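Peer 1: Here you go, sequence then predicted model.
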Amino acid sequence: MCKPKHPKITNGSSSSQSLNKTLVSTKKCPRIEPTTNFILGYGSLINGDSKEVTHPGCGPAFPVLVKGYERIFNCGGIHMGKNTTFLGVEENNSSHFIGVAFPVKNYATLLEFDEREKYYKRRVVSVDNVQFLDEEDLISQEKRLIRFWIYVPKPKFITKPCKTHPIYQCYYDIFVDGCIKIAKQFHIRNFAQECLQSTQGWLDPFFGGKNSWEFDRDEGIDKLKIVHDTKEIDEEIMFFVETYILFIGHRKEDEIEYILEK
């Protein structure tokens, strides 16, 4: 895996125009067959192994840039019997995020993912707001045939990470692990770092330790065994955090040492 360049840290969400050539796949994506429905994955659904738990053999995922939405930890729910805050999205015309799109075979499969994403409502996203990270437009000829769906938190579940609904490290591991796998599969050098950069609402809980972030790896909350090796995950997270500290963060020394020890 190529060593990522220092990400361009911005104050809040960045414009899609800030993307550079390190986010263009050097490996051409497989040709997309005309289909009706694509799901846009931005959290655990980026991870192919996590996606397969819901529907084995549901097909490949393609790296995409999605405009008009901000990825943020804002959805309260229950994971493995514990209250938590999941990743969600909210509409923001000036924002974008990096994620994946994967085809769904039929309506029954869509309903399977609806059941999985029970804290969210499935919403249509304009084809014009989705850009595949390849050198050519893979959907230009099939735009009328394609429908993109995204899961947006239901209003009653919207929350912020807090002591009663913390972010669990193992859930975050699944997200970052998926980003790393996509980066390797499609030879996109900065994919994982851009995923971290285009995600809001996690740095303050991360620096806050036990108040709104649970370092639960030892407890094994990821009982599905989706993540097998956390070394690369830690490298990506700490590379981003150290860059954040260097260019933006002005944290107390003991806070920095606490995080690095983890």
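Peer 2: Received it, and whenever you're ready, just let me know what you need.
Peer 1: just checking, what packs against the strand or helix carrying Pro103?
Peer 2: Remark: Pro103 resides in strand 82-104, with elements defined by DSSP states H and E. If you count contacts as 3 or more CB pairs under 8 Å, 6 or more residues apart in numbering; DSSP states H and E, strand 82-104 packs onto strand 37-41, strand 62-79, strand 147-153, strand 167-168, helix 169-186, helix 191-197. For glycine as for every other residue, the C-beta is placed from the backbone atoms N, C-alpha and C.
Peer 1: who are the neighbours in contact with Ile150?
Peer 2: Ile39, Leu40, Tyr42, Val66, Tyr69, Val89, Arg122, Arg123, Val125 (CB atoms under 8 Å, 6 or more residues apart in numbering).
Peer 1: Just the buried residues out of those, in ChimeraX syntax.
Peer 2: Typed into ChimeraX, the line below selects the buried ones among those, using 16 or more other CB atoms under 10 Å:
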select :39,40,42,66,69,89,125
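Peer 1: ok, the contacts of Ile150 vs Glu214, which is closest?
Peer 2: Nearest to Glu214, judged by CB to CB, of those is Tyr42 at 21.4 Å.
Peer 1: so where's the stretch 1-150 of the chain shaky on pLDDT?
Peer 2: 1-35, 135-144 (pLDDT under 70).
Peer 1: thinking again about what came up before, pipe the contacts of Ile150 into CSV and attach distance to Phe132 per row.
Peer 2: Shown next, in CSV, are those (distance: CB to CB, whole Å):
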residue, distance to Phe132
Ile39, 15
Leu40, 12
Tyr42, 15
Val66, 11
Tyr69, 16
Val89, 19
Arg122, 21
Arg123, 20
Val125, 14
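Peer 1: any idea which of the helices and strands packed on strand 82-104 is most buried?
Peer 2: helix 191-197 (a mean of 26; mean count of other CB atoms under 10 Å).
Peer 1: circling back: put together a markdown table for the helices and strands packed on strand 82-104, with distance to Ser212 on each row.
Peer 2: Converted to a markdown table, those look like this (distance: least, CB to CB, whole Å):
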| stretch | distance to Ser212 |
| --- | --- |
| strand 37-41 | 24 |
| strand 62-79 | 9 |
| strand 147-153 | 17 |
| strand 167-168 | 7 |
| helix 169-186 | 12 |
| helix 191-197 | 18 |
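Peer 1: right, so of the ones you listed, which gets closest to Glu236?
Peer 2: helix 191-197 (4.8 Å).
Peer 1: And the average pLDDT for the closest one is what?
Peer 2: Confidence for helix 191-197, expressed as mean pLDDT, is 95.
Peer 1: close enough to count as contact, Asn47 and Phe175?
Peer 2: Yes - counting by CB atoms under 8 Å, Asn47 touches Phe175, with 7.0 Å between them.
Peer 1: Out of the contacts of Ile150, the closest to Ala192 would be?
Peer 2: Nearest member of the contacts of Ile150 to Ala192, counting by CB to CB, is Tyr42, at 13.6 Å.
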